[in-house]
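Undergrad: Sequence first, predicted model second:
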Amino acid sequence: MAKLKMTAAVVSQEQLAEGIYDLRLQADEIASQAAAGQFVSVYSKDGSRLLPRPISLCGIDKESGQLRLVYRVAGAGTEEFSALKAGDTVDILGPLGNGFPLLEGKKAFLIGGGIGIPPMLQLAKELSSLNGSEMVQSVIGYRDSQQFLKDEFEAYGPVYTATEDGSRGTKGNVLDAIREHALTADVIYACGPTPMLRALKTYAAEHDIQCWISLEEKMACGVGACLACVCQSKEKDEHSQVHNKRICKDGPVFLADEIEL
């Protein structure tokens, strides 16, 4: 699949919650190739910030040629992006990385935590279309009552939430929500902070469930050349000849058994 660097037009942008923004871009060529679980690199117009910011794809509309990026402001680069408005332009590179495998006939947990929630929405849409909404269970973890995107997940199957402060849903984490509602599944798809992914990997092994995880990591080149974003793997990487995987190139989606967390 070809990677394309292009100038995308901003269709719209709105704030969903404190520090969380919803950016829609017109990027026909990239949208036509993109898959759930992939990401794009977004470039700053500030020449002093040379490295782009990787942002996962929350939505892909191949018909309209639009991409949806839901991101958290976490520094100067994303602060700049939050000021974008309809009619502005921004340079992006993508689609990057691999996507989630769409497994037919499998009842799934789609688990998102924090800013790992957005990429699960496109996956929920695609799996619901493939297997039916009764086979898609979204389990989403938030810090507090600002449950961005929750209502949109409900279009694709049942949704269960957990909040750290107990303000909404289950008090605790996503595994607490799974246990509280006695949920079961054949496969886990997950994206979020490392402690959550580590716990899910253990849970999956204990229950003999296939588990696919998308890793969040600071990236530099975004195309696998610089080795700035690596994780430990069981097998040697062909590029570096050591036990690691390049998250931007080999991932960000991995079978949980393949990597160390």
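TA: It's in.

Undergrad: Let me see the contact set for the closest residue to Thr89 other than its chain neighbours.
TA: Distances taken as Cβ to Cβ, 6 or more residues apart in numbering place Thr7 nearest to Thr89, at 5.1 Å, with adjacent residues excluded. (Each C-beta comes from the backbone N, C-alpha and C, glycine too.) Going by Cβ atoms under 8 Å, 6 or more residues apart in numbering, Thr7 touches Thr89, Val90, Asp91.

Undergrad: Check which helix or strand Thr7 maps to.
TA: Thr7 is part of strand 4-17, with elements assigned from DSSP states H and E.

Undergrad: just checking, next helix/strand downstream of that strand?
TA: The helix or strand immediately downstream of strand 4-17 is strand 20-26, counting by DSSP H and E.

Undergrad: Which elements pack onto that following strand?
TA: When contacts are defined as 3 or more Cβ pairs under 8 Å, 6 or more residues apart in numbering; DSSP states H and E, strand 20-26 packs onto strand 4-17, strand 66-72.

Undergrad: Just name the most buried of those.
TA: Mean neighbour counts were compared across these using mean count of other Cβ atoms under 10 Å; the top stretch is strand 66-72, at a mean of 22.

Undergrad: Just the pLDDT at the residue lying closest to Pro119 once chain neighbours are set aside, thanks.
TA: Counting by Cβ to Cβ, 6+ apart, Pro119 lies nearest to Ser56, which is 4.0 Å off, once chain neighbours are set aside. For Ser56, the model assigns a pLDDT of 95.

Undergrad: residues touching Ser56, list them.
TA: Gly37, Gln38, Phe39, Leu69, Pro118, Pro119, Cys191, Ser214, Pro252.

Undergrad: cool, and Ala204?
TA: Ala204 makes contact with Ile188, Gln210, Cys211, Ala256 under the criterion Cβ under 8 Å, 6+ apart.

Undergrad: That one: which element?
TA: Per DSSP H and E: Ala204 is located in helix 194-207.

Undergrad: C-alpha coordinates for that helix, CSV please?
TA: Below are the C-alpha coordinates for helix 194-207, written out as CSV (Å, rounded to 0.1, in the frame of the first residue of the first chain):
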residue,chain,number,x,y,z
THR,A,194,0.2,0.3,28.4
PRO,A,195,-1.1,-0.8,31.9
MET,A,196,-4.5,-1.4,30.4
LEU,A,197,-3.1,-3.4,27.4
ARG,A,198,-0.8,-5.4,29.8
ALA,A,199,-3.8,-6.4,31.9
LEU,A,200,-5.9,-7.3,28.8
LYS,A,201,-3.0,-9.5,27.5
THR,A,202,-3.0,-11.4,30.8
TYR,A,203,-6.8,-11.6,30.8
ALA,A,204,-6.9,-12.9,27.2
ALA,A,205,-4.3,-15.6,28.0
GLU,A,206,-6.2,-16.7,31.1
HIS,A,207,-9.4,-17.1,29.1
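
Undergrad: and Gly112, how many residues sit next to it?
TA: 27 (other Cβ atoms under 10 Å).

Undergrad: quick one: it and Tyr189 touch, right?
TA: No. Using Cβ atoms under 8 Å, Gly112 and Tyr189 do not qualify as a contacting pair, with a distance of 9.1 Å.

Undergrad: where do the contact lists of these two overlap?
TA: Met120.

Undergrad: Let me know whether Cys143 touches Glu164 as I believe.
TA: Not Cys; residue 143 is Arg. Yes. With contact defined as Cβ under 8 Å, Arg143 counts as touching Glu164 (5.1 Å).
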